[in-house]
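A.B. asks: build me a model from this:
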Amino acid sequence: MKPFGTHGVLAFTFLLATVACSGGSGGPAGPGNQSGSRLTASIDGSPWTSTLGAELNGVPLVLPGVYSIAGVQSNSYILVIGLFNIPGPGTYPLGVGPQVAGGFAQVSNATGGWVTPQSGAAGSITLTTLTSSRMAGTFNFTAVALTGTATGTRTVTNGNFDLEVRPTGSIGPLPPNAGSKVGAVVGGAAFNAAAASGSLLTSGTPILTVVGNNDARSLTISLTGVSTPGTYALSAAAPTRVIGVANTTNTFANTWSSNGPGGAGSVTVTAITAARIQGTFTATLGPAPGTTTTGSLTVTSGIFDIGRIN
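C.D. replies: As a prediction, this is how the structure comes out:
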């Protein structure tokens, strides 16, 4: 079985909630279709329409920026989309964890389940409308086998929804430090972190750190002596300022660093506030010292936008 991960646990939780709301576990029946509510898609090219899910029960909102869209078609698929750190309308990636603005998607049937991998780019959801009472938009994604006897992938296209949002109690605004993002073009291919975080240590010598990873690669930035906006050249000499990239498989032969032969580049920190750290970066990375990695790796169009917790 593939690693379940945080997004898989949450998907399973949302799935149980869906079954309960549909009456499958003795839960309360829905209040009836809300005016204009719909949730439709194509799954592997076949039309799918929810008849026992969010179009009846709405989209629960229990925490700021956290939404779950759940649909059920009898004798067919259950579809779940979980979203985190959503401030308003826009396009967000599917295939990311709860540190990032975006979410995951899962489809399942009587034999098994498929979930978006933590690639950072397994699909997307576009919210054209998001208010305290309504959510509408489109989505698409590709999910990989996860549970039961599921094999292969499930491709979901033409996703379309217009649903009632149902807050539980008084839900406040999304905190200004919610959600992080790290992205770049690495070796000519787009890299979008499925998990992203960072920190600024200010006791003693300041150290600014940014980390982003997905199921294929990790990217780390470490800048010693940096606590204010500015452009900083990468350097192996003190104060050390380094960018590193590693593949998730066979890291000993697939790790590059600005400290490696031919390594160079810079990081521009554009903003440091109480809530966020933002900036851009570019680099040429050589084989990391002490590894069997060969060749160089270019990193361009790098950006980070980190919600601070320290």
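
A.B. asks: any low-confidence regions in the chain?
C.D. replies: Applying pLDDT under 70 to the chain picks out residues 1-35.

A.B. asks: what about the helices in it?
C.D. replies: 5-21, 54-57 (DSSP state H).

A.B. asks: count of neighbours near residue 133?
C.D. replies: 11 (other C-beta atoms under 10 Å). For glycine as for every other residue, the C-beta is placed from the backbone atoms N, C-alpha and C.

A.B. asks: over to residue 228?
C.D. replies: 8.

A.B. asks: for the residue lying closest to it once chain neighbours are set aside, grab the count of nearby residues.
C.D. replies: With C-beta to C-beta, 6 or more residues apart in numbering as the criterion, residue 228 has its nearest non-adjacent residue at 6.5 Å, and that residue is residue 272. By the criterion of other C-beta under 10 Å, residue 272 has 19 neighbours.

A.B. asks: surely residue 272 meets residue 230?
C.D. replies: No: the pair residue 272 / residue 230 is not scored as a contact, 9.9 Å apart, by C-beta atoms under 8 Å.

A.B. asks: now do the same contact list for the closest residue to residue 259 other than its chain neighbours.
C.D. replies: Distances taken as C-beta to C-beta, 6+ apart place residue 236 nearest to residue 259, at 4.4 Å, with adjacent residues excluded. The contact partners of residue 236, by C-beta atoms under 8 Å, 6 or more residues apart in numbering, come to 242, 258, 259, 263.

A.B. asks: cool, residue 222 as well?
C.D. replies: 207, 208, 209, 240, 241, 242, 244.

A.B. asks: could you identify the buried members of these?
C.D. replies: For the contacts of residue 222, a burial check counting by 16 or more other C-beta atoms under 10 Å picks out 207, 208, 209, 241, 242, 244.

A.B. asks: now the closest residue to residue 123 other than its chain neighbours, which residues is it bridged with?
C.D. replies: Leaving aside its chain neighbours, residue 123 sits nearest to residue 141 (2.6 Å; criterion: C-beta to C-beta, 6+ apart). Residue 141 forms beta bridges with residue 123, residue 156, as assigned by DSSP bridges.

A.B. asks: can you count the residues close to the spatially closest residue to residue 264 that is not a sequence neighbour?
C.D. replies: Among residues not flanking residue 264 along the chain, residue 284 sits closest, at 5.3 Å (C-beta to C-beta, 6+ apart). Residue 284 has 18 neighbouring residues, counting by other C-beta under 10 Å.

A.B. asks: for residue 284, give its distance to residue 211.
C.D. replies: 20 Å (C-beta to C-beta, to the nearest Å).

A.B. asks: repeat that for residue 146.
C.D. replies: Taken as C-beta to C-beta, the span from residue 146 to residue 211 is 25 Å.

A.B. asks: with neighbour numbers in mind, choose between those two.
C.D. replies: residue 146 (23 against 20).

A.B. asks: ok, the more buried one touching residue 116?
C.D. replies: No: between residue 146 and residue 116 there is no contact under C-beta under 8 Å: 9.7 Å.

A.B. asks: overlap of the contact sets of these two?
C.D. replies: With contacts taken as C-beta under 8 Å, 6+ apart, residue 146 and residue 116 have residue 106 as neighbours in common.

A.B. asks: can you give me the strands for the stretch 51-200 of the chain?
C.D. replies: In the stretch 51-200 of the chain, the strands defined using DSSP state E, counting those that start in this stretch lie at 59-63, 66-72, 78-84, 90-94, 102-108, 112-115, 123-130, 134-148, 153-167, 181-186, 189-192, 195-201.

A.B. asks: need those strands in JSON lines with distance to residue 51, can you?
C.D. replies: As requested, the strands of the stretch 51-200 of the chain are exported to JSON lines (distance: least, C-beta to C-beta, whole Å):
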{"stretch": "strand 59-63", "distance to residue 51": "16"}
{"stretch": "strand 66-72", "distance to residue 51": "7"}
{"stretch": "strand 78-84", "distance to residue 51": "11"}
{"stretch": "strand 90-94", "distance to residue 51": "23"}
{"stretch": "strand 102-108", "distance to residue 51": "16"}
{"stretch": "strand 112-115", "distance to residue 51": "20"}
{"stretch": "strand 123-130", "distance to residue 51": "21"}
{"stretch": "strand 134-148", "distance to residue 51": "18"}
{"stretch": "strand 153-167", "distance to residue 51": "14"}
{"stretch": "strand 181-186", "distance to residue 51": "36"}
{"stretch": "strand 189-192", "distance to residue 51": "34"}
{"stretch": "strand 195-201", "distance to residue 51": "35"}
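
A.B. asks: for residue 296, find the nearest of the ones you listed.
C.D. replies: strand 181-186 (11.8 Å; C-beta to C-beta).
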